[in-house]
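K.L.:
Can you look at this prediction? I've put the sequence above it.
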Amino acid sequence: MAATGTIKGPGEARTYDGSPLRIGIVHARWNKQIISSLLDGTLRSLRAAGVRDENIVIQTVPGSYELPYAVQRMYLASQTQHAATAGGTLTSAATDLLGSSTDLAGLGGQKKEESGSESKEPFDAIIAIGALIKGSTMHFEYISDAVSHALMKVQMDTGCAVVFGLLTLLTEEQGLERAGIDGKGHNHGEDWGSAAVELGVKRRGWNDGKFIE
Ligand code: RBF
């Protein structure tokens, strides 16, 4: 799935079992054609790794600027769901994690999914997808910088793995290439799905004191 014949890129594809995972996706609605292809690529690789459709939650936001906040709130929402199914024990702790390094997923302990039922576990990873295209003002630079930093911050603050699916493009053409549209380039969404599964599986291992490679 990864681009071949070049030095750049994530290297040989690795296989991890995504079947127990719950994955969130949030995407911006700006630059629809690019986003829709990236979303398709992401879903393709999540499904190929065994992630079940009912365990993928997709949300949209107007633009890329809204992505970090949405990621943070989605993670909290998944913790709230988990707390409700676990008898409400975590409800008060899950009210607001901003500025905290607590990972409540680890505290609750993750249970094995019963096959056929929709997971209410906290997300194992959230993928944030957006496409920023440079215009003639400084807008692009400010948003790219702010969103990149905030996505990193939210993953460090919450402990939920956040996949950086933000394309910062100098031209529309670059967007078509990176979304694999019209046979051009490689669909980066596929790599984002794989990264989410790998981090999700490793995170479960780390939460249990195990190092999965
Ligand atoms: N959002 C994107 O996801 N990609 C863009 O290329 C993009 N360009 C924008 C250009 C301008 C001039 C403005 C005002 C907004 C743009 N946005 C873009 C939307 C932005 O991320 C956000 O949704 C809005 O600023 C509302 O907070």
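P.N.:
Everything's here; your move.
K.L.:
Please enumerate the helices of this protein.
P.N.:
32-48, 67-85, 104-108, 139-158, 172-178, 188-207 (DSSP state H).
K.L.:
measure stretch 169-185 end to end?
P.N.:
Criterion Cα to Cα, to the nearest Å; first-to-last residue distance in stretch 169-185 is 14 Å.
K.L.:
Among the helices of the chain, show the one with the smallest mean pLDDT.
P.N.:
With a mean of 47, helix 104-108 has the lowest mean pLDDT of the helices of the chain.
K.L.:
give me the number of residues near residue 29?
P.N.:
14 (other Cβ atoms under 10 Å). (C-beta placed from N, C-alpha, C; glycine too.)
K.L.:
Distance of it relative to the ligand?
P.N.:
8 Å (Cβ to the nearest ligand atom, to the nearest Å).
K.L.:
Next: residue 18.
P.N.:
For residue 18 relative to the ligand (Cβ to the nearest ligand atom), the value is 27 Å.
K.L.:
Could I get the contacting residues of that residue?
P.N.:
46, 49, 50, 51, 197, 200, 201 (Cβ atoms under 8 Å, 6 or more residues apart in numbering).
K.L.:
Quick check on those: which are buried?
P.N.:
46, 49, 51, 197, 200, 201 (16 or more other Cβ atoms under 10 Å).
K.L.:
quick one: which of those residues is nearest to the ligand?
P.N.:
If you rank the buried ones among the contacts of residue 18 by distance to the ligand using Cβ to the nearest ligand atom, residue 46 comes first, at 21.7 Å.
K.L.:
Surely the closest one touches residue 196?
P.N.:
Yes: the pair residue 46 / residue 196 is scored as a contact, 6.8 Å apart, by Cβ atoms under 8 Å.
K.L.:
Name the nearest of the buried ones among the contacts of residue 18 relative to residue 172.
P.N.:
Taking Cβ to Cβ as the measure, residue 172 lies nearest residue 46 of those, at 26.6 Å.
K.L.:
Can you give me the neighbour number for the spatially closest residue to the closest one that is not a sequence neighbour?
P.N.:
Once flanking residues are discounted, residue 46 sits nearest to residue 193: 4.3 Å by Cβ to Cβ, 6 or more residues apart in numbering. Per other Cβ under 10 Å, the neighbour tally for residue 193 reads 31.
K.L.:
for residue 205, same thing?
P.N.:
13.
K.L.:
Report the contact partners of the nearest residue to it once chain neighbours are set aside.
P.N.:
Leaving aside its sequence neighbours, residue 205 sits nearest to residue 212 (Cβ to Cβ, 6+ apart; 3.8 Å). Going by Cβ under 8 Å, 6+ apart, residue 212 touches 201, 202, 204, 205.
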